[in-house]
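J.: next input, structure requested:
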Amino acid sequence: MQRDLIYKIAKNEFILGDESLHGEEHWSRVEKIGIYLSELTGADVDVVRIFAYLHDCKRENEMEDPGHGERAAELVKKLSAEGVLQLGEKSLSELIYACYHHNKKSKSSENINILTCWDSDALDLWRIDIVPDPNWLNTKEARSRKLISFSYKLFEKYKK
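T.: Next comes the predicted model:
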């Protein structure tokens, strides 16, 4: 995965600025959580890392923005068509689905790559003063005290 290129694209697409709760620090934490969680779930770490940087980069505001997942999925499709993202058809489809549905209350999937993406994002709810509830998480690995503690320590480290 070309992390630096994906990061640069996400930063260029993102309009909310450096102080956003949905910006670069969030993306970086989601990536770190996702890498760790992928080791436990067996998810495709490239899909999870790309998701980390692109899932919120099309947000238009900090609060309610129900269309940002769809816009992120469209960006993924565009980057794939341009040859920037070089993922297999299955991985690309999973990434698009994960981005498109990550902010939907009615989301569902049985796919470990998609679930790992969503859990990586949900484990960074600390940034908005929400303690990740194990009942909201999709994988048993994400629900573990060890991973929830890891995500909190990561948040605390970035907060300083």
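
J.: give the residue spans of the chain that score low on pLDDT.
T.: By pLDDT under 70, the low-scoring segments of the chain are 1, 159-160.

J.: that one: helices as residue ranges?
T.: Counting by DSSP state H, residue ranges of the helices within the chain are 3-13, 24-41, 45-54, 68-81, 89-101, 112-122, 145-159.

J.: of these, which is nearest Leu137?
T.: Within the helices of the chain, the stretch nearest Leu137 is helix 112-122; the backing value is 5.1 Å (CB to CB). To be clear about C-beta, it is placed using only N, CA and C from the backbone, and glycine gets the same treatment.

J.: chain neighbours aside, what residue packs nearest to Ser151?
T.: Spatial nearest neighbour of Ser151, chain neighbours left out: Leu123 (3.9 Å); criterion: CB to CB, 6 or more residues apart in numbering.

J.: burial check on that neighbour, number of neighbours?
T.: Leu123 has 27 neighbours, counted by other CB atoms under 10 Å.

J.: separation between Ser149 and Ala81?
T.: To Ala81, Ser149 is 41 Å away according to CB to CB, to the nearest Å.

J.: OK, contacts around the residue nearest to Ser151?
T.: Applying CB atoms under 8 Å, 6 or more residues apart in numbering to Leu123 gives the contacts 30, 33, 37, 132, 137, 142, 147-148, 151.

J.: tell me, how many residues neighbour Lys35?
T.: Small correction: residue 35 is Ile, not Lys. Residues near Ile35, counting by other CB under 10 Å, number 15.

J.: my read: it touches Arg49, true?
T.: Yes. If you go by CB atoms under 8 Å, Ile35 and Arg49 touch, sitting 6.8 Å apart.

J.: give the contact list for the most centrally placed residue in the chain.
T.: Relative to the mean C-alpha position of the chain, the nearest C-alpha, by CA atoms, centre = their mean, is the one of Ala52, at 3.4 Å. Under the criterion of CB under 8 Å, 6+ apart, the neighbours of Ala52 are 27-28, 30-31, 34, 117, 120-121.

J.: who wins for neighbours among those?
T.: Highest neighbour count within those, by other CB under 10 Å: Cys117, with 33 neighbours.

J.: and that residue, how far from Val45?
T.: For Cys117, the distance to Val45 - CB to CB - is 11 Å.

J.: shared neighbours of those two, anything?
T.: In contact with both Cys117 and Val45: Gly34, using CB under 8 Å, 6+ apart.
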